[in-house]
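Colleague: Sequence and predicted structure are below.
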Amino acid sequence: MSEVKIFRVFGKITKPNFKTEFEKEIRALKPEHAIEKIYMEFGSKHRVRRAHIKILKVEEIKPEEAEDPIIRKLSLHE
């Protein structure tokens, strides 16, 4: 069974009336899965279409480096 990793995803949202950059930590098996989770989360919570989300960088981080306390706790207790 594959090990779940933590990825930090950097990107931009470029809606016509709204532009911002983001940095989000995601638990996933592969970088591609982390990107897909970003698209799903921003689409459902913020109503942002995939075409308006630009992924700049995806990096794998250690559980100790995670800033999100929930992600850190889930990863350190496995």
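Modeller: Great, that's in hand. Residues are numbered from 1 along each chain as shown.

Colleague: can you tell me how far the residue lying farthest from the centre of the chain sits from residue 48?
Modeller: Computed with C-alpha atoms, centre = their mean, the residue of the chain farthest from its C-alpha average is residue 17, at 22.8 Å. Between residue 17 and residue 48 the computed distance is 12 Å (C-beta to C-beta, to the nearest Å). For glycine as for every other residue, the C-beta is placed from the backbone atoms N, C-alpha and C.

Colleague: Need the mean per-residue confidence for the helix ranked longest in the chain.
Modeller: Ranked by number of residues, the top helix in the chain under DSSP state H is helix 31-46. Per-region confidence: helix 31-46 scores 96 on mean pLDDT.

Colleague: ok now that helix, how far from the chain's centre?
Modeller: 7 Å (C-alpha atoms, centre = their mean, to the nearest Å).

Colleague: Which parts of this protein are strands?
Modeller: With strands called from DSSP state E, the chain shows them at 5-15, 18-28, 53-61.

Colleague: got the angle for the helix or strand bottoming out on mean pLDDT in the chain vs strand 18-28?
Modeller: Ranked by mean pLDDT, DSSP states H and E, the weakest helix or strand in the chain is helix 69-76, scoring a mean of 89. Compare the direction of helix 69-76 with that of strand 18-28 by axes from the mean of the first three to the mean of the last three C-alpha atoms, to 10 degrees and you get 20 degrees.

Colleague: Not counting its own residues, what contacts helix 69-76?
Modeller: Contacts to helix 69-76, defined as C-beta atoms under 8 Å, 6 or more residues apart in numbering, come from residues 4, 6, 25, 26, 27, 63, 64, 66.

Colleague: which ones are touching residue 19?
Modeller: Residue 19 makes contact with 12, 13 under the criterion C-beta under 8 Å, 6+ apart.

Colleague: Could you double-check that residue 12 sits in contact with residue 20?
Modeller: Yes: at 7.2 Å, residue 12 and residue 20 qualify as touching, with contact defined as C-beta atoms under 8 Å.
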